[in-house]
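> build me a model:
(2 chains, ligands or ions: 5)
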2 protein chains.
Amino acid sequence: TLGLIAAQVIGIIMIILVGSWLGNYRGGYGWDVSKVFNYHPLFMTIGMIFLYGDAMLVYRAFRQTTKLYVKILHGIIQVAVFVFAAVALKAAFDSHNKAPKPIPNMYSLHSWVGLAAVILFGMQWVCGFVSFLFPKLSDGLRRMYLPHHKFWGVAIFGLCVAAALMGITEKAFFSLPNGQYSTLPGEGVLINFFGSFVVIFGVLVIYLVTK
Amino acid sequence: TLGLIAAQVIGIIMIILVGSWLGNYRGGYGWDVSKVFNYHPLFMTIGMIFLYGDAMLVYRAFRQTTKLYVKILHGIIQVAVFVFAAVALKAAFDSHNKAPKPIPNMYSLHSWVGLAAVILFGMQWVCGFVSFLFPKLSDGLRRMYLPHHKFWGVAIFGLCVAAALMGITEKAFFSLPNGQYSTLPGEGVLINFFGSFVVIFGVLVIYLVTK
Ligand code: HEM
Ligand code: HEM
Ligand code: HEM
Ligand code: HEM
Ligand SMILES: O=C1O[C@H]([C@@H](O)CO)C(O)=C1O
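Ligands and ions are numbered 1, 2, ... in the order given. Predicted coordinates for the structure are as follows:
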C-alpha cells in the first residue's frame, strides 16, 4: 500500500506539473484555436497516464472487495480514460485543422505511436468487457485470455508513456525554438521535471502491477 | 523460437533503417565534427536496443546449454552493450562540444532519461556480476535478488526504448525543420518506420522475456 500511495502522490504532482506548464507558460485553457491544443497534453496525462495506471492498480488496492465490484470499477475507470483520450485527440486535431494556416495531421512518430496506443486500448477494452463482464466467456477461455489481457494492458500503458514522452519532446522544441531549450530556462526545467515524473509514475505503476 | 527469430529479423531491419537514414540523408559516418553525431543513434540502436534485447533473450534461446556458459554469454553481451553506449555518448557530447558554436550538454528530457538509463544499466551490470558470477552471493541472497534483477533488467530496457524514441523525435525536427517533417518527405517516412520498428522490437523482446 505504500507503493500505491506513492503512485497517487507522484501522479498528482505529474498532473500539477503539466497543468501549470500549459497554464502559466502556454496561454492556459480554452476551446478557441489559440489555446485548444493545451487540452491535449493535459487530458492525455490525466486519462492515458494517470487514470489508466490507477485502473490497472484497482485489483491491488481493493483485494478485500467483492471481485464483481472491482471489475466494474476497473472497467468504468477505463471508460473515463477513453473519454479523456477522445477529447484530447479532438483538441490536437482541432489545433491543426482550425489553425489560420492548417497543419497536416498524423505526420509524426508521436502521432503514429499515440494513435496506435488509443486504438489498441479500445480493442483491449472490448476484449476485456466481452470476456470478463458480459456476456462473459467460459471459465476455460477466460483463464486462457487472462495472461494476454494482463500483458497487453501493461504493454499499451507502456506505449502511452512512450507517446507522452515523444509529445513532450516535440512541444518542448516548438515552445522553446532556436536553441532556447538548450539554455534551460524555467519553462524548460518545468518540462523536464514533468517528463521525469511521467517516467517515474510509469515505472512505479508497472512495478506494482507486475509484482 | 519463432518469436526469437522474429526478434532478430525485426532488430536487423531496425538497424538497417537507422543506418540508412543517417548514412543516406545525414552525411554518413566519420569522426569529424560534421558527421560525428551520426554514430550516436546508430551505436545506441545497435547497443542499447538490439544487443541489450538479445542479451536478455539468451536464457530463452539456450535452454539446453550449461547455465554457467549462458551466464557468461549474457554478461559479455552486456559488456558489448556498454561499450557501444559509451562510444555513442562520446559521439553525442563531441558533436556538441566541438561544434563551431558549441551546444550545451544535458539539457533535454531525452538526455536526462538516456543518461539515467545508461547509469542504471551500469549499476545493474555490477549487481548482476557480483551476485551471479563472482564472488557470487549465497543461494538465499541470489534467490532474493533474482526477481529484482529481472524487473530492473526489463525496466531499464524500457527506459532505453523511451529514450531512443525521444531522440528520434528530436532529430526528426532538427533534420526537417520549418514544417518540413509535417509534409512527410521520404526522410520523414523513413524516420517514422525506424521508430515504429524500435517500438515493435521493444514490445516483442519484453513479451518474450516476461512470458
Ligand atoms: C498518451 C498520450 C498521448 C497520445 C495518445 C497522443 C496522441 C497524439 C496524436 C494522435 C496526435 C496527432 C494529432 C493530429 O495529427 O492532428 C498528437 C499530436 C500532438 N501531440 Fe500528442 N498524444 C499524447 C500525449 C501528448 C503529450 C503529453 C504531449 C506534450 C505536450 C503531446 C504533444 C503533441 C503535439 C505537440 C502534437 C502536434 C504535433 C504532432 O502531430 O505530432 N502529446 N498526439
Ligand atoms: C483498455 C482497458 C483495459 C486495460 C488496459 C486492462 C488492464 C488490465 C491489467 C493490467 C490487469 C492486471 C491487473 C493486476 O494484475 O493487478 C487487468 C486485470 C483484469 N482485468 Fe482488465 N483491463 C481493461 C479492461 C477490462 C475490462 C473492460 C474488464 C471487464 C471486466 C477487465 C477485466 C479484468 C479482470 C477480470 C482482470 C483480472 C484480475 C485478476 O484476477 O488478477 N479488464 N486488466
Ligand atoms: C537508448 C538510447 C539513447 C541514449 C541512452 C541516449 C542518450 C543521450 C544523451 C545522454 C545525450 C546528451 C548528449 C549531450 O548533452 O552532449 C543525447 C543527445 C542526443 N541524442 Fe541521444 N540517446 C539515445 C538514442 C538516441 C537516438 C536513437 C537518437 C535518434 C536520432 C538520439 C538523438 C539525440 C540527439 C538529437 C541528441 C542531441 C540533443 C540533446 O542533447 O537532446 N539519441 N542522447
Ligand atoms: C546490465 C546488465 C544486465 C541486464 C540488463 C540483465 C537483465 C536480465 C534479465 C532481463 C533477466 C531475465 C531473463 C529471462 O528471464 O529470460 C536476467 C536474468 C539473469 N541474469 Fe542478468 N542482466 C544483466 C547482467 C547480468 C550479469 C553481469 C550477470 C552475471 C552473470 C547476470 C546474471 C543473470 C542470471 C543468473 C539470470 C537468471 C536467469 C534465470 O535463471 O532465469 N545478469 N538478466
Ligand atoms: O546464480 C544463480 O542464481 C539464480 C538462482 O539460482 C538463485 O536462487 C540463478 O538462476 C542462477 O543461475
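
> nearest spatial neighbour of the most centrally placed residue in chain A, skipping sequence neighbours?
Taking CA atoms, centre = their mean as the criterion, A:Met48 is the residue nearest the geometric centre of chain A, at 1.9 Å. Counting by CB to CB, 6 or more residues apart in numbering or on different chains, A:Met48 lies nearest to A:Cys160, which is 4.4 Å off, once chain neighbours are set aside. Yep, even glycine has a C-beta here, placed from its N, CA and C like the rest.

> wait, doesn't that neighbour sit right on A:Tyr52?
Yes: taking CB atoms under 8 Å as the definition, A:Cys160 is a contact partner of A:Tyr52 at 6.3 Å.

> between those two, what contacts are shared?
Listed as contacting both A:Cys160 and A:Tyr52 by CB atoms under 8 Å, 6 or more residues apart in numbering or on different chains are A:Phe121.

> average model confidence for the top helix by length along chain A?
The residue-count maximum for a helix in chain A (DSSP state H) belongs to helix A:139-175. Averaged across helix A:139-175, pLDDT comes to 98.

> moving C-terminal of it, what's the next helix or strand?
Remark: after helix A:139-175, the chain's next helix or strand is helix A:186-210, criterion DSSP states H and E.

> touching ligand 3 at all, that following helix?
No: legend: contact between helix A:186-210 and ligand 3 by CB under 6 Å from any ligand atom is lacking; minimum distance shown is 10.6 Å.

> what residues of that helix count as buried?
Neighbour-count burial for helix A:186-210 flags A:187-188, A:190-206, A:208-209 (criterion: 16 or more other CB atoms under 10 Å in any protein chain shown).

> before we move on, back to that, the longest helix of chain A: how far from the chain's middle?
When C-alpha coordinates are averaged (CA atoms, centre = their mean, to the nearest Å), helix A:139-175 and its chain have centres 9 Å apart.

> which other helices and strands contact that helix?
In terms of contacts (3 or more CB pairs under 8 Å, 6 or more residues apart in numbering or on different chains; DSSP states H and E), helix A:139-175 is packed against helix A:39-44, helix A:52-61, helix A:109-132, helix A:186-210, helix B:109-132, helix B:139-175, helix B:186-210.

> who wins for proximity to ligand 5 among those helices?
helix B:139-175 (3.2 Å; CB to the nearest ligand atom).

> ok, now which ones touch A:Phe132?
With CB under 8 Å, 6+ apart, A:Phe132 has these contacts: A:71, A:142, A:149.

> oops, could you answer that again for A:Ala163 instead?
By CB under 8 Å, 6+ apart, the contact set of A:Ala163 is A:44, A:48, A:110, A:113-114, A:117.

> ok now stretch A:183-192, how far from the chain's centre?
22 Å.

> near ligand 1 at all, it?
No: using CB under 6 Å from any ligand atom, we find that stretch A:183-192 stays clear of ligand 1, coming within 8.3 Å at best.

> list of residues touching that stretch?
With contact meaning CB under 8 Å, 6+ apart, stretch A:183-192 is reached by A:17, A:20-21, A:25, A:168, A:171-172, A:175-176, A:180-181, B:104, B:107-109, B:112.

> with stretch A:16-30 instead?
So stretch A:16-30 is in contact with A:34-36, A:38-39, A:41-42, A:45, A:175, A:187, A:190-191, A:193-194, A:197, going by CB under 8 Å, 6+ apart.

> redo the contacts of A:Ala163 as JSON lines? Include pLDDT.
Formatted as JSON lines, the contacts of A:Ala163 follow (pLDDT from 0 to 100):
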{"residue": "A:Met44", "pLDDT": "98"}
{"residue": "A:Met48", "pLDDT": "98"}
{"residue": "A:His110", "pLDDT": "98"}
{"residue": "A:Val113", "pLDDT": "98"}
{"residue": "A:Gly114", "pLDDT": "98"}
{"residue": "A:Ala117", "pLDDT": "98"}
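
> from those, which single one is nearest B:Ile76?
Taking CB to CB as the measure, B:Ile76 lies nearest A:Val113 of the contacts of A:Ala163, at 32.7 Å.

> around that closest one, how many other residues sit close by?
Residue neighbour count, defined by other CB atoms under 10 Å in any protein chain shown, stands at 23 for A:Val113.

> in chain A, where is pLDDT below threshold?
For chain A, applying pLDDT under 70 flags no range at all.
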